[in-house]
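In: With the input below, show me the fold.
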Amino acid sequence: MKVSGRVARMKESATLAVAARAAAMRKDGIDVVSFGTGEPDFDTPANIKEAAARALAAGMTKYVATPGTPEAREAVAAKLRRENGIDCAAAHVAITAGAKHALYLTLQALVDPGDEVVLPTPAWVSYRPLIELAGGRCVEVPGAMERGFKVTPAELDAAIGPRTAAVILNSPSNPCGIAYSEAEVRALCEVIARHPHVSVVSDEIYEKLTYPELAPGLRHFSPGSIPALAGRTVTLNGMSKAFAMTGWRIGYVCAPADGGRFLQELVKLQAQMTNNIPAFFMPAIVEALSERSAPQVEAMRRAFAGRARLVAELLAGIPRLRTVAPTGAFYAFPSVAACKGLRTPAGRAIADGHSYAEALLAEAHVAVVPGGDFGDCAADHVRITFASDESQLREGLARIARFTAALS
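Out: Okay, here's the model as predicted:
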């Protein structure tokens, strides 16, 4: 059967591929420590699950409006006004099948063939494929490891051209585990504000996972709160990471532009694709964004902060790896460049992050994600997810240390 060229050219998700391989090895009885998937190991808070169960028991099983119920959309809008300083209403919000779906819809509604989308890298593996699927060209702006993987305003400005439709910003970052400060976000946004034809796509899925314990004064800051960009910022978020709800597939998009006209066009596409997510999830969204969930979310955040500190300490003790200490999300992104040209005890050659990750999984039974799919600048890196308990982190990092030391 014929396969369209645009799909055939699209890369497989590296993170999902690693997770599948680790799962297959475990099925064969191999003791694999998996640092591959960005999925919290915590359970969804009970009050959120109970809200969905009550709605299901009450018969909330029919269609609702494509962008969600008025109550769920208002809960999101109220959260964005209260916590993010974004001037928006329920009419500017659509509930989507995960934040990835929100990104897909946004790029399809925003990008015409031949348009460019500027992307600071290293960046999440799905950005480039979804830009290209929309007919756009991805323009990477590499963030130097020596600057904590962050791009400068001058570098961003140099990448913007007449065909630039949007800049994607993601802080805290997947895969780098770093977060831009408010001053750094403002400086980047000042550049974008000087280019009136450019929109901002702000992916804020990790916003609640910032660690001022590790970076004093750090707090999340939303570009959509800046008046000069309020009318051309699309804010993406969801319930997966901070609320431990990955399997629920609940995301949302907020776009106040032109009184909600952009959002209306986006929802038109959504209606042709998926219509609404399960109706009985809507009360769970309201519950998750209520003050009743705040203590559980904060407890998970504190646990991740402790894991971030531990992973930074353990990685610093592996001489051949270099890393930037994580300050947000739940990732570390060490460089394995010092291992290039070496061989494993089994004779596998290390040429880049991909060959390092392949050998690590085969010989030490630790799954990490190769860096190459996170950007052209990231080929010598691997991504380590610390969404695991401390015993798993210590065991996995000990295996990585022994594996790396044995290279010769």
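
In: Show me this protein divided up by domain.
Out: For the chain, automatic domain parsing gives the domain ranges 5-43+295-405, 61-291.

In: Could you identify the helix or strand that succeeds the worst-scoring helix or strand of the chain on mean pLDDT?
Out: In the chain, no helix or strand scores lower on mean pLDDT, DSSP states H and E than helix 14-27, which sits at a mean of 80. Downstream of helix 14-27, the first helix or strand assigned by DSSP states H and E is strand 33-34.

In: is it possible to export the domains of the chain to JSON lines including distance to R54 and mean neighbour count?
Out: For glycine as for every other residue, the C-beta is placed from the backbone atoms N, C-alpha and C. Below are these laid out as JSON lines (distance: least, C-beta to C-beta, whole Å; neighbours: other C-beta atoms under 10 Å):
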{"stretch": "domain 5-43+295-405", "distance to R54": "18", "mean neighbour count": "19"}
{"stretch": "domain 61-291", "distance to R54": "7", "mean neighbour count": "20"}
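
In: lowest-confidence stretch among those domains?
Out: When these are compared by mean pLDDT, domain 5-43+295-405 comes last with a mean of 94.

In: and it, how far apart are its ends?
Out: Terminal residues of domain 5-43+295-405 lie 44 Å apart, using C-alpha to C-alpha, to the nearest Å.

In: Just name whatever secondary elements the least confident helix or strand of the chain is in contact with.
Out: strand 33-34, strand 366-367, strand 369-370 (3 or more C-beta pairs under 8 Å, 6 or more residues apart in numbering; DSSP states H and E).

In: What segments of the stretch 51-200 of the chain are strands?
Out: With DSSP state E, counting those that start in this stretch as the criterion, the stretch 51-200 of the chain has strands at 93-96, 116-121, 137-142, 164-170, 199-203.

In: just the angle between the longest one and strand 199-203, please?
Out: Looking back up the chat, that one is strand 164-170. 20 degrees (axes from the mean of the first three to the mean of the last three C-alpha atoms, to 10 degrees).

In: What pairs with strand 164-170, parallel or antiparallel?
Out: strand 116-121 (parallel), strand 199-203 (parallel) (DSSP bridges).

In: which one of those lies closest to G238?
Out: strand 199-203 (9.7 Å; C-beta to C-beta).

In: Would you mind pulling the contact partners of the closest one?
Out: 99, 103, 106-107, 110, 117, 124, 165-170, 189, 192, 222-224, 229, 232-237, 257 (C-beta atoms under 8 Å, 6 or more residues apart in numbering).

In: Export the strands paired with strand 164-170 as a markdown table, with columns for distance to L209.
Out: Shown next, in a markdown table, are the strands paired with strand 164-170 (distance: least, C-beta to C-beta, whole Å):
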| stretch | distance to L209 |
| --- | --- |
| strand 116-121 | 19 |
| strand 199-203 | 13 |
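
In: Nearest to C176, out of those?
Out: Taking those one by one with C-beta to C-beta, strand 116-121 is closest: 9.3 Å.

In: I figured M239 hits S293, correct?
Out: No: counting by C-beta atoms under 8 Å, M239 stays clear of S293, with 10.0 Å between them.

In: State the distance from the most centrally placed residue in the chain to P223.
Out: By C-alpha atoms, centre = their mean, the chain has its centre lying nearest to N174, at 4.7 Å. Distance of N174 to P223, given as C-beta to C-beta, to the nearest Å: 17 Å.

In: same check, this time on I86
Out: 9 Å.

In: so what sits against both of those two?
Out: Joint contacts of I86 and P223 (C-beta under 8 Å, 6+ apart) are T235.

In: between the domains of the chain, which one is nearest to K49?
Out: domain 61-291 (7.4 Å).

In: that older thread, correct me if wrong: the residue nearest to the centre of the chain contacts E39.
Out: No: contact criterion C-beta under 8 Å: N174 and E39 do not qualify, at 11.9 Å.

In: G148 against T323, yeah?
Out: No: using C-beta under 8 Å, G148 is not in contact with T323, being 10.6 Å away.
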